[in-house]
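Enquirer: the sequence and its predicted three-dimensional model are supplied below.
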Amino acid sequence: MAQDRVATDLAYRFGPQIEGAQTRFRLWAPGAATAKLVIQGQAAVAMSKRSDGFFEVLAECGPGTRYKFRVGDLEFPDLASRQQDGDTTGWSVVREQLVPPPTFSRPWHEMVFCEVHIGTATPEGTFAALSEHLEHFRDAGYTCLEIMPVNECPGSRNWGYDGTLVFAPESSYGTPEELRDLVARAHELGLTMILDVVYNHFGSVDNYAPQYVPEWFDEKIETPWGPGIDFNQELVRHFYYENAMMWLVEYGFDGLRFDAVHEIKSDAKDKFLGELAATARAVKPGVKLILENMNNSTQWLERNDHNEPMTYWAQWNEDMHHVLAYIVTGEGKKTGYDEHSKDPVADLEKALADGFVHDHDEGPESDGRMRGGPASRLPPDSFITYVENHDQIGNRADGKRLSARLEPNRLDFVHFVKFIAPQIPLCFMGDEASLASPFPFFVDMSQEEGEKANKRRYKEMREMFMEAVEDGDLPHPNDPRTFEMAKLPWEAFGEDQHRASLRRFRELASFRRDKVWPLSATPCTDATSARHGQGLIVNWMFQAGTLTLALNPTAAPLDMPCLIQGAPVSTGDFHQHGEVLRLGAWSAIAWRN
């Protein structure tokens, strides 16, 4: 990769740059004939066009200046706006670069993720309010918060995945300084902070880019959100590299999670993902980069001889979610495991020992279930295990979490497996206390756009998620009450049943600290497994020792030839009879030696 293709400092090309008492404004619109800068309260000023497609002008103004751009009759905010005054249609605000928070680092193998949505995590729904609740997450046993997208979206209520101004924090959550201070406060408490970013599309509402810079898109590429982004354009790629740099350096985030990279259809996808990772690693060595990638491409997860990632640290493991959620719920389509002709216990065995169930790198002759494929040569912490996240809760018609659908023994079984297996565990906020609060899809748009969102929601639920919903079954995404339903009910944490769930969650987290971390701090040299009826025994061999997990993922007791060889931790019932291990229904036991 050519070094000049990788951004390695904060000399941004996109967004305004303060130069003494003046500010340089820049707009990339290579196809436009003319462009103007509009400063609030002043006459529009013509901008000069450069050979690289940028328009620019140097104006006598500084921090706090409100501005927009104008191309033809279209007036719009800066696509690289660092702050908005008046939502996604309002004025962009000139800002100085933030002073970064103090540096922080925590080892990857110690990660226990909690996925958090700023707007619903606290009653106030702000960066500052979450700062005051961080001890709860730390004390529960989490070591990392993965913050759902915080980029500016239409209105004040949004999941975050349909933003149009990806450099500007959502103004209803607070100021850029308050977001940076949230990261700093989390670091003081020992919490790693990961930010979820969306580089595969823009939202459709208040998206002005197609009208003044159609070169950003490739009309030949179709995505669920319209024409795909043209990553063959060097400056388009650079825009996203700069965005990653900003979050990592100015705000101090420890890493980024890249949403649905499988939806990037450009033939420059590999170039983009490679340069993106290289840029992030150049500005923050040791950065934690995570993919959501349904293509299960092991090339992005390879490690060097020092067990350090060469590009990305890990991937959300959809395969593990599908099979594990199916086993404990019996739901097919709703869990993504619509494969009744397959053997879910065998698939769980492969997911635990090898990582992916469908290892696409095994070649065209494989159905995705061959053992010993490329994924098996990756360390276990290349995979992030979850049994529910915002999607799995929000994309159900009933909105029910596992805690509202499973008996306590099954719920504890699935959490035990998630915490004790050496893959990286991820939970959704509230899981630590088995809260039942839903997380329905919500937006804050005009009545017209809200109705469009509602119709899309029914279409997705019926065609994508295979839910037989009737009109009126789903909460309306544009109704403020839908947003209120998604808020964490903090008063519930004090109720007896949820206090007990929280104690058990802390116990599972302590099991992981005591049994798994001392091993996973060293390289994993191999993983083996054996199946006995419907039971499994999986061994992960690390340089520091071996972790063994024996589990019964069924509703009936079973016996296995197995001898416990260390101090065990468990869920459910187990009995050792000579060299035979009896596991009760939904039971598992683990030890290290």
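Expert: All right, it came through fine. Numbers count the residues shown, from 1 in each chain.

Enquirer: verify the stated contact: Ser382 with Met310.
Expert: No. Taking CB atoms under 8 Å as the definition, Ser382 is not a contact partner of Met310, at 11.4 Å. Placement of C-beta: from N, CA and C, glycine included.

Enquirer: what about these two, which has more around it?
Expert: Neighbour count, other CB atoms under 10 Å: between Ser382 and Met310, Ser382 has more, with 25 against 14.

Enquirer: what residues are shared contacts of Ser382 and Met310?
Expert: The contact sets of Ser382 and Met310 overlap at Arg303 (CB atoms under 8 Å, 6 or more residues apart in numbering).

Enquirer: now the helix or strand harbouring Tyr241, how far from the chain's geometric center?
Expert: Per DSSP states H and E, Tyr241 falls inside helix 234-249. Taking CA atoms, centre = their mean, to the nearest Å, one finds helix 234-249 lying 18 Å from the centre of the chain it belongs to.

Enquirer: again, but for stretch 409-425
Expert: 19 Å.

Enquirer: check stretch 100-120 too.
Expert: Worked out by CA atoms, centre = their mean, stretch 100-120 lies 12 Å from the chain centre.

Enquirer: run a quick neighbour tally on Lys220.
Expert: There are 10 residues near Lys220, going by other CB under 10 Å.

Enquirer: pLDDT averaged over whichever strand or helix holds it - what is it?
Expert: Assigned by DSSP H and E, Lys220 belongs to strand 217-223. Taken as a whole, strand 217-223 carries a mean pLDDT of 90.

Enquirer: within its sheet, name the partner strands of it and how each one runs.
Expert: strand 226-229 (antiparallel) (DSSP bridges).

Enquirer: which residues does the helix holding Tyr241 contact?
Expert: With CB under 8 Å, 6+ apart, helix 234-249 has contacts from 5-7, 10, 12-15, 28, 52-53, 79-80, 82, 100, 166-167, 195, 197, 199, 215-216, 229-231, 253, 255-256, 268, 271-272, 275-276, 279-280, 283-284, 287.

Enquirer: stretch 351-361 now?
Expert: Taking CB under 8 Å, 6+ apart as the rule, stretch 351-361 contacts 295-299, 317, 319-320, 322-324, 347, 350, 366, 368-376, 378, 380, 382-383, 417, 421, 423, 527-529, 536, 538, 549.

Enquirer: now the buried members of these.
Expert: 296-298, 317, 319-320, 322-324, 347, 350, 368-369, 373-376, 378, 380, 382-383, 417, 421, 423, 527, 529, 536, 538, 549 (16 or more other CB atoms under 10 Å).

Enquirer: low-confidence ranges, the stretch 301-450 of the chain, go.
Expert: 339-340, 362-369 (pLDDT under 70).

Enquirer: quick one, helices of it?
Expert: 318-329, 344-354, 390-394, 408-420, 447-463 (DSSP state H, counting those that start in this stretch).

Enquirer: those: which one's closest to Arg24?
Expert: helix 447-463 (34.6 Å; CB to CB).

Enquirer: ok, residues contacting that closest one?
Expert: So helix 447-463 is contacted by 154, 205, 395, 397, 441, 443, 445, 467-469, 471, 474, 476-478 (CB under 8 Å, 6+ apart).

Enquirer: just the contacts of helix 234-249: which are in strands?
Expert: Residues of those located in strands (DSSP state E): Trp28, Val166, Phe167, Leu195, Val197, Ile229, Gly255, Leu256.

Enquirer: and these as JSON lines, adding distance to Glu96, pLDDT and neighbour count?
Expert: Converted to JSON lines, the ones in strands among the contacts of helix 234-249 look like this (distance: CB to CB, whole Å; pLDDT from 0 to 100; neighbours: other CB atoms under 10 Å):
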{"residue": "Trp28", "distance to Glu96": "22", "pLDDT": "98", "neighbour count": "25"}
{"residue": "Val166", "distance to Glu96": "19", "pLDDT": "98", "neighbour count": "21"}
{"residue": "Phe167", "distance to Glu96": "14", "pLDDT": "98", "neighbour count": "25"}
{"residue": "Leu195", "distance to Glu96": "21", "pLDDT": "98", "neighbour count": "22"}
{"residue": "Val197", "distance to Glu96": "22", "pLDDT": "98", "neighbour count": "23"}
{"residue": "Ile229", "distance to Glu96": "29", "pLDDT": "96", "neighbour count": "27"}
{"residue": "Gly255", "distance to Glu96": "25", "pLDDT": "98", "neighbour count": "24"}
{"residue": "Leu256", "distance to Glu96": "23", "pLDDT": "98", "neighbour count": "26"}
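
Enquirer: filter the contacts of helix 447-463 down to the buried ones, PyMOL style.
Expert: In PyMOL, this line selects whichever of the contacts of helix 447-463 come out buried by 16+ other CB under 10 Å:
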select buried, resi 154+205+395+397+441+443+445+467+474+476+477+478
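
Enquirer: what about the helices in the stretch 151-300 of the chain?
Expert: Using DSSP H, counting those that start in this stretch, helices in the stretch 151-300 of the chain cover 176-188, 209-212, 234-249, 269-283.

Enquirer: include distance to Ile147, mean pLDDT and mean neighbour count when you put the ones you listed into JSON lines, please.
Expert: Below are the helices of the stretch 151-300 of the chain laid out as JSON lines (distance: least, CB to CB, whole Å; pLDDT from 0 to 100; neighbours: other CB atoms under 10 Å):
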{"stretch": "helix 176-188", "distance to Ile147": "9", "mean pLDDT": "98", "mean neighbour count": "20"}
{"stretch": "helix 209-212", "distance to Ile147": "25", "mean pLDDT": "97", "mean neighbour count": "16"}
{"stretch": "helix 234-249", "distance to Ile147": "10", "mean pLDDT": "98", "mean neighbour count": "21"}
{"stretch": "helix 269-283", "distance to Ile147": "16", "mean pLDDT": "97", "mean neighbour count": "20"}
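
Enquirer: which ones are touching the closest residue to Gly394 other than its chain neighbours?
Expert: Closest residue to Gly394 apart from its sequence neighbours, by CB to CB, 6 or more residues apart in numbering: Phe439 at 4.7 Å. Contact analysis of Phe439 by CB under 8 Å, 6+ apart lists His117, Thr120, His390, Ile393, Gly394, Gly399, Phe428, Ala486.
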